[in-house]
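Enquirer: Predicted structure and sequence below. I'll ask about it afterward.
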Amino acid sequence: MTDSTVDFQFVIGRSDAFYFYLPDSRGQCLAFGGEKVLLEWCHGYLVVVSKKDDSDGRASSSDSLGGDMQIITIYDVKNKLIAYYGPVQEVKALLCEWGSVFVLCNDNKLFQIKEKELVQKLDMLFRKNLYSLAISLAKAQHYDQDALVDMFRQYADHLYSKGDFDEAMSQYIKTIGRLEPSYVIRQFLDAQRIHNLTAYLSALHECNLASEDHTTLLLNCYTKLKDVEQLDRFIMKRSANKAVSFDIETAIRVLRQSGYFKHALYLSELHQKHDWYLRIQLEDNKDYRKALDYMAKLEFAAVEANMRTYGKMLMSNVSLETTELLKRLCSNYGTDTNSDGEEIVLHANPEDYFHIFITHSEEMRSFLECVLAVRSDLAPELHNTLLGLYLESYKKCTADVAAAKERAGLEEKIMDFLRGTEPRNYTQALLQCQMNNFAPGILFLYEQKAMYGEILQFAVDRKSYDGVISTCRRFGEKDPQLWVQAFWFYASNFGEYDKALIGEVLKVIEKLNLLQPMMVVDILAKNPNATLDTIRDYIIRRMHTDERKILEDEAQVQKYREKTEKIRKEVDLMKSGAQTFQDANCSACDKSLELPSVHFLCRHSYHQHCFESYAENDECPACRPENRKILDEIKTQEQSKDLTQQFMTRLGKENDAFSVVADYFGKGLFGRNVSIDDLIRPNGES
């Protein structure tokens, strides 16, 4: 009966073999010849005493021992080896105690068969190169794992030295996790042993102990062998659940370098290595449409980053689709929630992608039109950029005679755009219109900025005589000086236009009194081609006007003289004669005068209580405002007497003499001082 190590099997020894029986079934059968006398199970060994077989040459030498000889054999059933074999006198009994086998013979002699130490056993097996047996024995004895690994290594080294590389590799694989992989890899770097190296590296990855270099080497082995099946198994099946045992980026890089783009793309897409996927599709496969479709499925941040990197390449090959994706990216790519829980619209900054459109102005124009129509938070520079693109397209159409219809449509689009431009952007828009010589836009912006003089100058520069008079008609009321500028222009180009134009200008100048007649004559005299008949009607009208005005002034002068003379007489009478106050009513309340009353030389009379109520001093309340006005004017003129010296000093220091003169002109320096005597002195008297 065996022990627990072999499940308490029942052993029967027959002449041909040993038969093992389990409680419910038949066990193994071990063929060992000879007649069995005794069987004993001892510490995992089967001890057998059998009769000597005369045919066995090993026992012939034992005849000298005399008597009936028997053979004792100790079998290691588990490892299938004979641990001991030897002749002995007829055996009476077998005893297994204290780790030894005691043999009691019929002559009452007791022999001890002692088991060697495991180390000694292994050393003996190693010397005989029985590594397989040694390993089996060590496992049965639950030998230390590190020691087992060293035994695998020794066995593998032995097989490698004999040239049995396949079996050597099977032993090296058992050392994974304990033996440094480089020890094995260095021995199998020869191209003829690439299959063995591939097997080892594959096992290394199965144990999740591979480094980036190991992954690189394994993939290189697969590609060198062109073993697509193994490569598919390693890449496709192993990584299908994303629980991979190798570095993804290393694998992608090696596969790409080896030309296995399909496998590299599979790994990139599966593990969301977007940059690698796009790089392979664009640089290796040149499949720009698939790359763009893949990018369109990514999250906002990934699309934003990759479009900056690959947008230019995509625009060069699939411009329409790329432009559509950019429109969606910069206008409304979806929604998200911020830290406050508020929903926000995801959109990128359009200016970050301007470099993509360097040679694609039409696509950029479409892109900006879409973005500006959706978003109102963009910088003014984007409006200016779109305007520049419109003007560039218009300029190209202007050079192409056959594109008249397209040019008209563009002009209308540009004008609509300018009408919607904010006033703060007028200056930049005007600059772009001037650079591209877009006349309708220039004139529109001049008008919006109230630059009427520039509008007139625009017509003058182009010698548009009708344009000059049209400008004056439109804006002359807002800026009358336009008529003067128009007269200068017509006078300088006399004879090249209808004389009715200059006649119309002169009528307005005459009506608004913008120029003196002598200045009109001087301006016209600068052109030798001008004739007097051009301004004859104007001069005649001015002479008639001046004559009429002189007569009116003379009549007014005579009126003032008569009035002044009357005032002088009244003053003299006041000084030398008595005054009679005949007003019956109070000048304040307009009721009948009653004593006490107050009378003034100006012939105004008041009730005393009315005067005290209205008067602030002894002046006549009715005449006081007019008197105060005259006195203030006199006071102001007296205070300005010291301005003359100040004016001369500043005039000598300042560079802009005209500004100084204008300043002191406003202060009344050049006006004649007026005294009360002047107010009552008749004209012509000294």
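Expert: Done, it's in. From a predicted model like this one, the values you see are computed outputs, not experimental measurements. Numbering: from 1, shown residues only.
Enquirer: Show me what the top helix by length along the chain packs onto, helices and strands only.
Expert: Taking DSSP state H as the criterion, the chain has its longest helix at helix 533-576. Contact analysis of helix 533-576 by 3 or more CB pairs under 8 Å, 6 or more residues apart in numbering; DSSP states H and E lists helix 499-512, helix 517-525, helix 676-680 as its packing neighbours. Just so you know, the C-beta spots here come from the backbone N, C-alpha and C atoms, and that holds for glycine as well.
Enquirer: Give me whichever of these is most buried.
Expert: Of all the helices and strands packed on helix 533-576, helix 499-512 has the most neighbours on average by mean count of other CB atoms under 10 Å, namely a mean of 17.
Enquirer: So which other helices or strands are in contact with it?
Expert: Helices and strands touching helix 499-512, by 3+ CB pairs under 8 Å, 6+ apart, are helix 465-475, helix 481-492, helix 533-576.
Enquirer: circling back: can I get the helices and strands packed on helix 533-576 in CSV with distance to Val661 and mean pLDDT?
Expert: Output for the helices and strands packed on helix 533-576, formatted as CSV (distance: least, CB to CB, whole Å; pLDDT from 0 to 100):
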stretch, distance to Val661, mean pLDDT
helix 499-512, 25, 85
helix 517-525, 19, 83
helix 676-680, 25, 43
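Enquirer: now for those helices, which one comes closest to Ile185?
Expert: Across those, Ile185 has its closest neighbour in helix 499-512 (99.9 Å, CB to CB).
Enquirer: Give me the distance from that closest one to the chain's centre.
Expert: 61 Å (CA atoms, centre = their mean, to the nearest Å).
Enquirer: same check, this time on stretch 495-508
Expert: Between the centre of stretch 495-508 and the centre of its chain there are 61 Å (CA atoms, centre = their mean).
Enquirer: circling back: now the helices and strands packed on helix 499-512 in a markdown table, with distance to Ile509, mean pLDDT and mean neighbour count?
Expert: Formatted as a markdown table, the helices and strands packed on helix 499-512 follow (distance: least, CB to CB, whole Å; pLDDT from 0 to 100; neighbours: other CB atoms under 10 Å):
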| stretch | distance to Ile509 | mean pLDDT | mean neighbour count |
| --- | --- | --- | --- |
| helix 465-475 | 10 | 90 | 19 |
| helix 481-492 | 6 | 87 | 20 |
| helix 533-576 | 8 | 84 | 12 |
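Enquirer: Let me have those helices in CSV, adding distance to Ala459 as columns.
Expert: Listed next are the helices and strands packed on helix 499-512 as CSV, based on distance: least, CB to CB, whole Å:
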stretch, distance to Ala459
helix 465-475, 3
helix 481-492, 9
helix 533-576, 21
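Enquirer: So for Thr398, which of the ones you listed sits nearest?
Expert: helix 465-475 (19.4 Å).
Enquirer: Just the CA coordinates for the closest one, please, in CSV.
Expert: Only the C-alpha atoms of helix 465-475 are listed here, as CSV (Å, rounded to 0.1, in the frame of the first residue of the first chain):
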residue,chain,number,x,y,z
TYR,A,465,-15.8,117.2,-63.7
ASP,A,466,-19.3,115.8,-63.3
GLY,A,467,-18.1,114.0,-60.1
VAL,A,468,-16.9,117.3,-58.7
ILE,A,469,-20.1,119.2,-59.2
SER,A,470,-22.1,116.2,-58.0
THR,A,471,-20.1,116.1,-54.8
CYS,A,472,-20.7,119.8,-54.2
ARG,A,473,-24.4,119.4,-54.8
ARG,A,474,-24.6,116.5,-52.3
PHE,A,475,-22.4,117.8,-49.5
